[in-house]
Each structure stands twice: as structure tokens, then as C-alpha cells.
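Here is my input; please provide its structure:
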Amino acid sequence: MLNITKKVEYALIVIRHIKNNKENSLHSSKEIANRYNIPYELLSKILQKLCKLKYLKAIKGPYGGYKLSKSLDNVKLIKFFEDIEGPIGLAKCSIDSDCTRIDLCNIKSPINKINNNIRELLSKTTLNEITT
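Down below sits the predicted model:
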């Protein structure tokens, strides 16, 4: 079964929450964690990463929180997913050439074809499209 990771899932939830709930206001990590039942420690790490990648801006202080720091119109899903988790691949060999069975593999070609189709779809879809 194909799944996105919890990190990517939670990052998408955060981006959508902030975008659709008073985009210019600040949103605290506790507010987001409580609203979506996300483990606070994991959410904090995801928020830090989103800030480091400049998707969000953190405002410190007692009335601080997080807000979007850039437009999502031109951010492709492939870039967002790979920013959060690294290269996307249906099978490890499609993103890592260190497979010891690569010369004997009889599914490499169909797996790569599927992987390329997934990557193409994610390259055509913007972050804004799925957070609206």
C-alpha cells in the first residue's frame, strides 16, 4: 500500500490549517496539535522544519505563533514532499542505486515507470491546490 509519511501528512495539515484559518493571523503549535490530535513533540519538529524551509515564519513571544511565509501557488507537491522527507520512490531502487539485486531485478522497469508517473503527477500539482 502506498502511503505518505506522518511527517508529510502533518505538514500538509499544518499548511492547510494556517492557510484556511485567518491566513495572516498567528497559530500556536498547541492549538494545531490539540485541534488535529497530533503529538506535540513531533509537530514541533515539523514546524521547525517548515520554518527552516521558509514555508512558515515563526513569531516568538507570549502572543507568538506561526504564519505562512510565502505563496503556495508555485510550490509543486513533489518539491514539498521531498523537502520534508527526501526523494520519493515506489521502491528503494528507484531513489537509491545501492541495491545488490539491481542486475537481477525483473521488476525494475515497471516500478520505475509507475514511479515516474507518480512523480509527474506530483510535479503538476501545486501545494495550493490541495490546501484550498
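
Would you mind listing where this protein has pLDDT under the threshold?
Low-confidence segments of the chain (pLDDT under 70): 1-2, 23, 92-97.

Now do the helices in it.
Here the chain has its helices, by DSSP state H, at 6-20, 29-36, 40-52, 77-85, 108-124, 127-130.

closest to L68 out of those helices?
Among those, helix 6-20 comes nearest to L68, with 5.6 Å by Cβ to Cβ. Glycine gets a C-beta too; all of them are placed from N, C-alpha and C.

if we can go back for a sec, P62 is nearest to which of the helices of the chain?
That would be helix 29-36 among these, by Cβ to Cβ, at 12.6 Å.

hmm, who's touching that closest one?
The contact list for helix 29-36 (Cβ atoms under 8 Å, 6 or more residues apart in numbering) reads 10, 13-14, 17, 38-40, 43-44, 47, 65-66.

Quick check: can you list the domain ranges of this structure?
6-68, 77-130 (automatic domain parsing).

Dump those to TSV, plus mean neighbour count.
Converted to TSV, the domains of the chain look like this (neighbours: other Cβ atoms under 10 Å):
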stretch	mean neighbour count
domain 6-68	15
domain 77-130	14
